[in-house]
Each structure stands twice: as structure tokens, then as C-alpha cells.
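A.B. asks: dropping the sequence and predicted coords here.
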Amino acid sequence: MRLALLSLLTIVLLPTPGKAQLPVFKTTPESSSINFYVKASVALVGKFDKWDASLKFTSSDVTTAVLDIRIAAGTVNTGSGIKDKRLKSKDFFDVEQSPSITFHSTKVVQTGPETFDVFGNFSIRGVSKPETLKLTVSGKGTGSGVIKGAMAFDRKDYGMTSGIPFVKIADRVEVDVDLKVEQVSGPRLVYKQ
């Protein structure tokens, strides 16, 4: 009886060979940021105060990554209450109808030892379009590091066709992502050299 109980506990507690552990990472928001820049006659630079990002893998191959970013559009912060109010309005982020800005990756291609093109669906104002986030990683193989990325999009493609009174603004919006990540479990990632 005791042997049967020990055998049962061993089966339940030990991982099965068919269920390999996957790399699991967490993001540290306090050491991370998501910023944007729009060329304008008066500087239009800002960040978002509330967002979250998750990084999951289906194997230890780094290109199986799935990156999800969800931004609370209403937390836009340009340092100017007037600009923030305008950006939250229906002419720009339309936070009443679309409170979240999201990016969900669909494919990751390693383009160099520490660089990646991350293809995904970017959604803002209820409009979703394919965009590419270009990433550089540091701390490769250590279990912690920094992911820096850049993406640019045309605001008019997402229905942001209005301007800001007395300010001339460009259509191109540049987004910078700076994520501090730490591996919490699973095997180390495998990169191509």
C-alpha cells in the first residue's frame, strides 16, 4: 500500500517527459517605459503611465515568442494637461470608446545576433492593422535583460486625421518600447548565432 502511494505521488509530482517546461519571463514596469514622439511645431513627446506587457514562448526557440502589450490610452502623459486632454479626445485616442491600445505579435524573425523583427497586429481607436516592431535585446542568455524596440505608423491610417489648434503636427508617430525583463522559470532561450 505504501509503495503504491509513493508511486502515485511520484507520477503526480514529477513532470512528464511529454510536457517540457517553457521559458517564462516577467516584465518590470517600474524599470520599463513606452514613449511616443510626433514631429510638430511644438514638441509632442509623451509616455503612458499604465500599461502591461507579457512575453511567452511555445518552446525554447526565441522566435516562438508571443509579445502582448496593452496600454491604457487614458494614461497618456505629455507633461501638458491641454495636450493630454486633446490626445484623449475622439479626434485622437478616443479613450471613451477605445480605452486600450494593443500590440499582439504574430511572427518573430531574428535578423541578427541580438535583433528581431516582430510582426503583429497594432490596434488603436478600434482600428487594427499589421505593423512591425524592430527589437534589440541585451543580456542574452543571462535570464534578465532589456528589450528596446521602435515602431512607426501613420496616425491617419487609424482615423486620427485632426490637428491640434495652433500646432502643426506630422502624420508619422514613432513609438519606443523599453522593457526590462527577467526569466522566472523554464530553460534558457536558444538564439541563432
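C.D. replies: Received the coordinates, thanks. Remember, predicted model here, so these are calculated numbers, not experimental data.
A.B. asks: how far out from the middle of the chain is the helix or strand hosting residue 71?
C.D. replies: Here residue 71, judged by DSSP states H and E, is contained in strand 65-72. Offset of strand 65-72 from its chain centre (Cα atoms, centre = their mean, to the nearest Å): 4 Å.
A.B. asks: after it, next one along is what?
C.D. replies: strand 76-77.
A.B. asks: quick one: strands adjacent to that following strand?
C.D. replies: Next to strand 76-77 in the sheet, as set by DSSP bridges, lie strand 44-48 (antiparallel).
A.B. asks: determine the angle, from 0 to 180 degrees, between the strand it pairs with and strand 65-72.
C.D. replies: Going by axes from the mean of the first three to the mean of the last three Cα atoms, to 10 degrees, strand 44-48 is angled at 110 degrees with respect to strand 65-72.
A.B. asks: residues making contact with the following helix or strand past strand 44-48?
C.D. replies: Beyond strand 44-48 in the direction of the C-terminus, DSSP H and E gives the next helix or strand as strand 51-57. Residues outside strand 51-57 that contact it (Cβ atoms under 8 Å, 6 or more residues apart in numbering) are 22-25, 27, 29, 32, 34, 64-72, 75, 147, 177, 179, 181, 186, 189. (Glycine included, C-beta is placed from N, CA and C.)
A.B. asks: and those, which of them are buried?
C.D. replies: 23, 25, 27, 32, 34, 65-67, 69-71, 147, 177, 179, 181, 186, 189 (16 or more other Cβ atoms under 10 Å).
A.B. asks: right, and residue 62 touches residue 190 too?
C.D. replies: Yes - using Cβ atoms under 8 Å, residue 62 is in contact with residue 190, at 6.4 Å.
A.B. asks: the two: which is more packed in?
C.D. replies: Neighbour totals were compared for residue 62 and residue 190, and residue 62 leads with 18 against 13 (other Cβ atoms under 10 Å).
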